[in-house]
Structures are given as C-alpha cells and as structure tokens.
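Peer 1: Give me a 3D structure for the following:
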Amino acid sequence: MLDQILSYRQMCDDENMQTLQRGMNYRLNHDYSVILMSRRSNAPYSDAILSDGITIEYEGHDQAKSLIYPDPKSVDQPRHTTTGNITQNGRFIEAIEKYKSGKAAPELVKIYEKILAGVWSFKGFFNLIDYKTKFDGKRNVFKFILRLTGGPDITPDQEVDFSHTRLIPSDIKKEVWKRDEGRCVLCGSNINLHFDHDVPFSKGGSSLTPKNIRLLCAKCNLRKSDKIE
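Peer 2: Numbering: from 1, shown residues only. Model (predicted):
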C-alpha cells in the first residue's frame with residue numbers, strides 16, 4: 001500500500017533480504033530494482049520530489065571510501081569501479097539507455113523512504129526514465145529521474161490516473177508521525193499504519209499540509225474507504 005509505514009526489518013523481509021545495505025539495488029531477488037531514499041537534513045545524498053508531485057530526482061551514489069579515495073565527496077560519482085566493474089550507478093544508467101533506445105521497457109523501481117530512525121515508508125513503484133550529470137560545486141554527480149507508476153501489473157503503454165494522489169513530502173510525514181505519536185488517530189493501534197489523506201487528493205485535499213495527513217491503521221482505513229462515495 002502506498003505510504004505504508006514499515007520497520008527496517010519489515011522492509012528487508014518484504015524484499016526477501018537479510019539486510020539492505022545499499023541505497024541503490026539493481027534487480028535484487030525480483031524483476032524490479034529497489035531504492036532507499038532519505039530527504040532528512042543529515043541525509044548523505046540530495047534527493048528531491050519535483051513540482052508535479054509524482055516525479056523523484058534521486059542522486060547517484062559515491063565512490064567507495066578507500067586509501068585511494070579517502071573523501072568520496074570530493075570525486076565524481078563513478079559509473080565503473082577502478083577495476084572496471086560496473087557500479088549500481090552504471091547499472092541504472094544502462095537500464096535507462098536501453099529504455100531510451102527502445103530496447104527495453106523502463107526499469108521498474110520500488111522506493112522506500114526513511115522518515116526517522118527505524119521508521120520507513122513505502123513510497124511506491126516508479127519508472128526509471130532518465131538521468132543527467134550535474135556539477136554540485138565540487139564534483140559531478142548523477143541525478144536519476146523516476147516517475148510514479150501503478151506498479152508491476154501496469155504495462156508501460158497503459159495510462160495511469162494519478163489524480164487521486166500526490167507524493168507526501170518527507171517533512172510532512174515526519175511532522176505527522178511525531179504529532180500522532182506513531183499510532184492510528186482513530187483506534188490507537190501502532191501496527192499496519194500508513195500516511196492517509198483526511199480529505200482525498202481527488203476531492204481537493206492537500207498533500208502539502210500536515211492538517212490533511214494523519215496516521216491510520218489498515219482496519220480504520222478500510223472503514224474510511226467504505227464511506228467515501
């Protein structure tokens with residue numbers, strides 16, 4: 001479920017992994033890739049939700065720290081390692097190049113977002129559609145462009161109506177989590193939670209204010225859905 005709240009352990013279990021140590025994970029155990037992102041103030045990379053509300057700009061990952069590269073933030077992000085092996089950046093770029101040349105469908109990417117320590121949110125399935133290289137003032141970094149899609153059962157040629165939703169900004173999620181104290185506002189449960197629009201986006205409700213976002217458990221959300229005409 002979009003905006004479902006998960007622990008780190010639940011997230012790993014969902015992906016059939018003991019751990020998820022990398023932020024970029026090309027084709028783990030599935031026919032899709034996985035990205036872990038964070039827009040917290042102390043996040044190591046600069047990610048952004050674009051103004052359309054359904055597109056993410058995700059920064060590539062740095063050169064591994066070593067004796068040769070003691071400060072990875074001072075060197076260009078790599079497409080290949082020093083031994084010639086392809087990096088996760090490189091794998092994502094290859095997928096984009098195949099898509100743009102018409103040789104493959106866009107790579108499907110599942111994104112999880114870190115809200116607070118131990119608190120993650122399923123952000124949705126996205127199509128990996130483009131990338132660019134950007135100078136950040138010190139070095140060149142990759143910026144990957146991903147657009148929200150309906151999930152693994154939706155083919156690239158199918159149109160998806162996103163009028164019902166808009167990605168909830170990270171700072172709003174953080175504020176709502178703290179305000180609602182990690183519990184469903186209706187029944188007090190602390191399991192099977194997700195971030196919910198009080199007034200649905202399709203009915204004019206905003207994703208951009210905590211006043212319209214709240215924590216609901218799955219049961220209370222189902223009851224709410226039954227009441228929405």
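Peer 1: what residue is smack in the middle of the protein?
Peer 2: residue 111 (3.1 Å; CA atoms, centre = their mean).
Peer 1: tell me which residues of the host helix or strand of that residue are tucked away?
Peer 2: Per DSSP states H and E, residue 111 falls inside strand 107-116. Across strand 107-116, burial judged by 16 or more other CB atoms under 10 Å covers 107, 108, 109, 110, 111, 112, 113, 114, 115. Yep, even glycine has a C-beta here, placed from its N, CA and C like the rest.
Peer 1: related to what we said a few turns ago, now the residue nearest to the centre of the chain: how far from residue 124?
Peer 2: 6 Å (CB to CB, to the nearest Å).
Peer 1: Please enumerate the helices of the chain.
Peer 2: Secondary structure of the chain by DSSP state H: the helices cover 8-14, 88-100, 170-179, 218-227.
Peer 1: mind putting those helices in TSV, mean pLDDT, mean neighbour count and distance to residue 73 included?
Peer 2: Shown next, in TSV, are the helices of the chain (pLDDT from 0 to 100; neighbours: other CB atoms under 10 Å; distance: least, CB to CB, whole Å):
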stretch	mean pLDDT	mean neighbour count	distance to residue 73
helix 8-14	94	14	25
helix 88-100	98	18	15
helix 170-179	94	17	22
helix 218-227	78	13	41
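Peer 1: Compare those and give me the one nearest residue 133.
Peer 2: Ranking these by proximity to residue 133 (CB to CB) places helix 88-100 first, at 9.8 Å.
Peer 1: what residues does the helix or strand bottoming out on mean pLDDT in the chain touch?
Peer 2: When the helices and strands of the chain are compared on mean pLDDT, DSSP states H and E, helix 218-227 comes out lowest with a mean of 78. Residues outside helix 218-227 that contact it (CB atoms under 8 Å, 6 or more residues apart in numbering): 1, 184, 186, 187, 189, 192, 194, 196, 216.
Peer 1: closest to residue 86 among those?
Peer 2: residue 1 (33.7 Å).
Peer 1: Would you mind measuring from that closest one to residue 103?
Peer 2: For residue 1 relative to residue 103 (CB to CB), the value is 33 Å.
Peer 1: Residue 14 now?
Peer 2: 30 Å.
Peer 1: Go ahead and name everything in contact with stretch 173-192.
Peer 2: By CB under 8 Å, 6+ apart, stretch 173-192 touches 3-5, 40, 113, 115-116, 119, 121, 193, 195, 210, 213-220.
Peer 1: pLDDT value on residue 155, please?
Peer 2: For residue 155, the pLDDT comes out at 56.
Peer 1: I misspoke; the intended subject was residue 158.
Peer 2: pLDDT, read off for residue 158, is 52.
Peer 1: before we move on, what about residue 169?
Peer 2: What the model reports as pLDDT for residue 169 is 87.
Peer 1: For it, grab the count of nearby residues.
Peer 2: When neighbours are defined as other CB atoms under 10 Å, residue 169 has 17 of them.
Peer 1: OK, contacts around it?
Peer 2: Applying CB under 8 Å, 6+ apart to residue 169 gives the contacts 39, 49, 207, 208.
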